[in-house]
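# My questions concern the predicted model and sequence given below.
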Amino acid sequence: MKPTITAFERSPDGGKGLARDMRVRWALEETGQDYEVRLRSFSALNEPAHLALHPFGQIPTYEEGDLTLFESGAIVLHIAERHQGLLPVDANARARAITWMFGALNTVEPPVFDRDLAMILEREEPWYEQRMRVLEDSIRKRLGALSTRLGDAEWLDGRFSAGDLLMVTVLRRLKGSGMLEETPNLAAYVARGEARPAFKRAFDAQLAVFKSASTG
Ligand SMILES: N[C@@H](CCC(=O)N[C@@H](CSCc1ccc([N+](=O)[O-])cc1)C(=O)NCC(=O)O)C(=O)O
């Protein structure tokens with residue numbers, strides 16, 4: 001049975017693949033899983049039909065038979081646990097890959113996402129500049145530590161894993177900010193992720209949705 005995910009009917013990211021359905025699409029492509037997409041308008045996210053799937057009224061969600069999941073990280077983990085290609089078989093290596101999933105979502109993503117949100121919602125606040133300095137200092141601290149740990153390795157811990165998938169989707173949000181470019185090995189790491197055929201299929205699929213919504 002094909003799973004069904006939800007995604008924005010018209011993504012505010014303009015087809016850049018920054019909305020979080022992108023990481024679920026990528027995980028499904030890496031594991032060779034076909035899937036359906038139910039597109040949601042912003043207003044539909046707060047209607048009962050969607051709230052029954054996602055208590056916070058967001059995307060993505062994941063439905064497979066009588067299972068419904070939300071939280072992109074949990075959905076990626078679910079896919080990775082059931083299909084080959086995103087988590088090592090060895091128990092310790094698997095645990096380390098899952099550690100990097102949490103590292104991406106719990107340690108690196110928060111200041112990165114908060115900075116994006118501040119640029120959209122808080123630009124007119126008197127404390128905006130100060131807040132941006134604090135957020136960017138936090139981001140640079142995380143990027144510095146990650147850059148040191150990655151060094152000249154291809155992926156974070158041996159073979160490409162769900163930890164790399166999530167980390168690349170987090171770091172992609174910094175493209176063009178200058179901060180990612182300050183750590184060349186991380187910029188190259190992101191480019192390696194984006195060069196993966198599965199990433200390209202996922203990216204093109206979400207872009208096609210945006211383009212059809214733009215011409216529709
Ligand atoms: N922790 C949850 C967060 C999910 C989430 O933030 N979903 C967002 C879309 S992805 C976040 C996002 C939004 C926009 C851009 N963009 O670039 O325009 C990028 C990412 C959403 O549904 N927002 C609607 C709402 O909260 O009412 C997860 O990882 O699944």
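Perfect, I can see it now.
# Correct me if wrong: D164 contacts L156.
Yes - between D164 and L156 there is a contact under CB atoms under 8 Å: 5.5 Å. Backbone N, C-alpha and C define where each C-beta goes, glycine included.
# so what's R115 up against?
M132, L135, E136, I139, S177 (CB atoms under 8 Å, 6 or more residues apart in numbering).
# that's a helix at it, yeah?
Yes - secondary structure of R115 (DSSP: H, G, I helix; E, B strand; the rest coil): part of a helix.
# what's the spacing between it and M132?
The gap separating R115 from M132 is 7 Å, by CB to CB, to the nearest Å.
# So what touches the longest helix anywhere in the chain?
Determined from DSSP state H, the single longest helix within the chain is helix 128-150. Helix 128-150 is contacted by residues 107-108, 111-112, 114-115, 118-119, 122, 125, 156, 167, 174, 179-180, 182-183, 185-186, 189 when judged by CB under 8 Å, 6+ apart.
# try stretch 11-29
3, 5-8, 34-35, 37, 59-60, 62, 72-73, 75-76, 79-80, 86, 162, 165-166, 169, 172-173, 197-199, 201-203, 205-207, 209-211.
# So among these, which ones count as buried?
3, 5-8, 35, 37, 59-60, 62, 72-73, 75-76, 79-80, 86, 162, 165-166, 169, 172-173, 198-199, 202-203, 205-207, 209-210 (16 or more other CB atoms under 10 Å).
# Please list which of these are also close to the ligand.
I59, P60, S72, G73 (CB under 6 Å from any ligand atom).
# Need the mean per-residue confidence for stretch 72-84.
Mean pLDDT, computed over stretch 72-84, is 98.
# Over to stretch 174-191?
Here the average pLDDT along stretch 174-191 is 96.
# That stretch: end-to-end distance?
Terminal residues of stretch 174-191 are spaced 12 Å apart (CA to CA, to the nearest Å).
# how about it: buried residues?
L174, K175, M179, L180, T183, L186, A187, Y189, V190.
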